[in-house]
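Colleague: sequence and predicted structure below; questions after.
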Amino acid sequence: MNDAPLRLTSLDAFRGFTIAAMVLVNNPGDWANLYPQLAHAAWHGWTFTDTIFPFFLFIGGVAMALSLGRLAAAGADKPRLLRKLAVRAAIIFLIGFALNLIPRFDFDTVRIPGVLQRIALCTLLAAPLVVYLGWRGQAAAIAILLTLYSLLMLCVPVPGVGAGVLEPGKDLGAYIDRMLLDGHLWVQAKTWDPEGLLSTLPALCSQLFGVLAGRLLLSALPRGEQVVWLMLGGLACLALGSTLDAVLMPINKSLWTPSYCFLMTGWALLAFGASYWLLDANPHPALRARAAAWSKPFLIYGMNALFIFAFSGFVAKMLGFIKLAQPDGSQVSLGRSLYAPIAALPIGAVNTSLLYAIAFNACMFGIAWFMWRRRWFVKV
């Protein structure tokens, strides 16, 4: 292994870009007025918004390889490493669950799955594979998990529906979620959940692809060659994802189909590869310094990504929960009240909705910048 630093500027910047994108798409002024790329695909297919979650998992995998994998390879106490990761996963899960509880704290109907909960499960499941397996074993695990998931989804019949039906609420994953988590699923659907249990298996593969990318960065290859392999791997994954979309299962974020897993890994490899070359592998100091200056806002965001993720979600919920009395006796949410003057601008509903999201993002960045200046970094 080479002497690659445990913390890469490019990885923090990529993480910051991803968290900024998440804050943007999660906080429009009006959910009924969105640019198509700033909303999830209705079912099959994908948009820019659908790249965000797999990017988080890929980034987590790279970070695991650079820290956990490196320590394990150096002879660290492996059971102790796993215990540490288990505690971290439990904390992340509880943060996500607490966000679902807020503001009503109704344990009878609270949604149990969620984005942070899936990140926690993927971290927990990936940890032993990172600690005990080499890159061949990790690649084999990806192949086995994606094959198993495909066989289950396409071949196991759902009572009253049949096998291989990939419609909302009719697939095997939705059936399992209803059996185990009925009443605690995504409120907009109730019969299925985009972060359900079975689809966590291919989501884990997205994280393991990041682990493989991290192992590449720890190899003895020159950094320029590492960039080439990242880019080639990205193009190969894009091609494979597009092929699987046509011959196996459609690209679908809610089902995290193998085609979606490969396609999003392809985009993650290309985006991270570009960031890695610009900020860490670039042999031209002047160009690298210029790229670092331009990416500074993302770097600042990325240094407190988990905190901003959780805090932005909390603030968004409070803006919807807090009600303000109106002169006519009615009530309006604080968020709607803040959006009203923006909505009145003569620039079109989708643009005012986007402008509100940008303003919300700017506020979150201000908090991240303040924490960065104070050297306050929230770690789990």
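Modeller: Structure's in. What do you need? Numbers count the residues shown, from 1 in each chain.

Colleague: contacts made by the helix or strand residue 95 falls within with the rest, please.
Modeller: Remark: residue 95 resides in helix 78-101, with elements defined by DSSP states H and E. With contacts defined as CB atoms under 8 Å, 6 or more residues apart in numbering, helix 78-101 is touched by 68, 71-72, 107, 110-112, 114-117, 119-121, 123-124, 127-128, 131-132, 306, 310, 313-314, 317, 380. Bear in mind the C-beta positions are built from the backbone N, C-alpha and C, glycine included.

Colleague: next step: these restricted to helices.
Modeller: By the criterion of DSSP state H, membership of the contacts of helix 78-101 in helices covers 71-72, 115-117, 119-121, 123-124, 127-128, 131-132, 306, 310, 313-314, 317.

Colleague: can you turn the buried part of those into a PyMOL selection?
Modeller: A single PyMOL command suffices to select whichever of these are buried according to 16 or more other CB atoms under 10 Å:
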select buried, resi 71+72+115+116+117+119+120+121+123+124+127+131+306+310+313+317
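
Colleague: if I look at the one residue sitting closest to the centre of the chain, how far off is residue 180?
Modeller: Centroid-nearest residue in the chain: residue 53, 2.4 Å away (criterion: CA atoms, centre = their mean). From residue 53 across to residue 180, the span is 22 Å (CB to CB, to the nearest Å).

Colleague: quick one: distance of the helix or strand bottoming out on mean pLDDT in the chain to the chain centre.
Modeller: Sorting the helices and strands of the chain by mean pLDDT, DSSP states H and E puts helix 70-73 at the bottom, at a mean of 80. Relative to its chain's centre, helix 70-73 lies at 25 Å (CA atoms, centre = their mean, to the nearest Å).

Colleague: who are the packing partners of that helix?
Modeller: helix 78-101, helix 115-132 (3 or more CB pairs under 8 Å, 6 or more residues apart in numbering; DSSP states H and E).

Colleague: winner for burial among those?
Modeller: Mean neighbours per residue, mean count of other CB atoms under 10 Å, is largest over the helices and strands packed on helix 70-73 for helix 115-132, with a mean of 22.

Colleague: how close does the spatially closest residue to residue 241 that is not a sequence neighbour sit to residue 235?
Modeller: Nearest non-adjacent residue to residue 241, counting by CB to CB, 6 or more residues apart in numbering: residue 263, 3.0 Å away. Using CB to CB, we find residue 263 at a distance of 12 Å from residue 235.

Colleague: between these two, which is the more surrounded one?
Modeller: The neighbour comparison of residue 263 against residue 235 (other CB atoms under 10 Å) goes to residue 263, with 24 against 13.

Colleague: the more buried one: which element?
Modeller: Applying DSSP H and E, one finds residue 263 within helix 258-276.

Colleague: where in this structure is pLDDT low?
Modeller: For the chain, applying pLDDT under 70 flags the ranges 1-6.

Colleague: kindly state the domain boundaries assigned to it.
Modeller: As given by automatic domain parsing, the domain ranges for the chain are 16-37+285-380, 40-281.

Colleague: now tabulate those domains in TSV and tack on distance to residue 7.
Modeller: Shown next, in TSV, are the domains of the chain (distance: least, CB to CB, whole Å):
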stretch	distance to residue 7
domain 16-37+285-380	10
domain 40-281	8
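
Colleague: burial-wise, tell me which of these comes out on top.
Modeller: Of the domains of the chain, domain 40-281 is the most buried (mean count of other CB under 10 Å), at a mean of 19.

Colleague: next, the distance between the ends of that domain.
Modeller: Domain 40-281 has an end-to-end distance of 33 Å (CA to CA, to the nearest Å).

Colleague: chain center to that domain: distance?
Modeller: Put simply, domain 40-281 sits 8 Å off its chain's centre (CA atoms, centre = their mean).

Colleague: same thing with stretch 344-356?
Modeller: 27 Å.

Colleague: sorry, back to before: for residue 186, find the nearest of the helices and strands packed on helix 70-73.
Modeller: Proximity to residue 186 (CB to CB) singles out helix 78-101 among the helices and strands packed on helix 70-73, at 10.0 Å.

Colleague: quick check: closest non-adjacent residue to the residue nearest to the centre of the chain.
Modeller: For residue 53, the closest residue by CB to CB, 6+ apart turns out to be residue 115, at 6.4 Å.

Colleague: is that neighbour in contact with residue 200, as I believe?
Modeller: No - between residue 115 and residue 200 there is no contact under CB atoms under 8 Å: 11.7 Å.

Colleague: now residue 324: phi and psi?
Modeller: When quoted as degrees, to the nearest 10, the phi and psi of residue 324 stand at phi -110, psi 140.

Colleague: what about residue 232, distance to residue 74?
Modeller: Counting by CB to CB - residue 232 and residue 74 are separated by 29 Å.

Colleague: equivalent analysis for residue 220, please.
Modeller: Residue 220 is 15 Å from residue 74, by CB to CB.

Colleague: any idea how far residue 22 is from residue 104?
Modeller: Taking CB to CB, one finds residue 104 at 24 Å from residue 22.

Colleague: do the same with residue 250
Modeller: Counting by CB to CB, the gap from residue 250 to residue 22 is 24 Å.

Colleague: what of residue 195?
Modeller: Counting by CB to CB - residue 195 and residue 22 are separated by 14 Å.

Colleague: how about residues contacting stretch 12-24?
Modeller: 38, 48-49, 51-52, 55-56, 59, 271-272, 275, 279, 295, 297-303, 305, 308-309, 312, 357-358, 360-361, 364-365.

Colleague: that'll do, ta.
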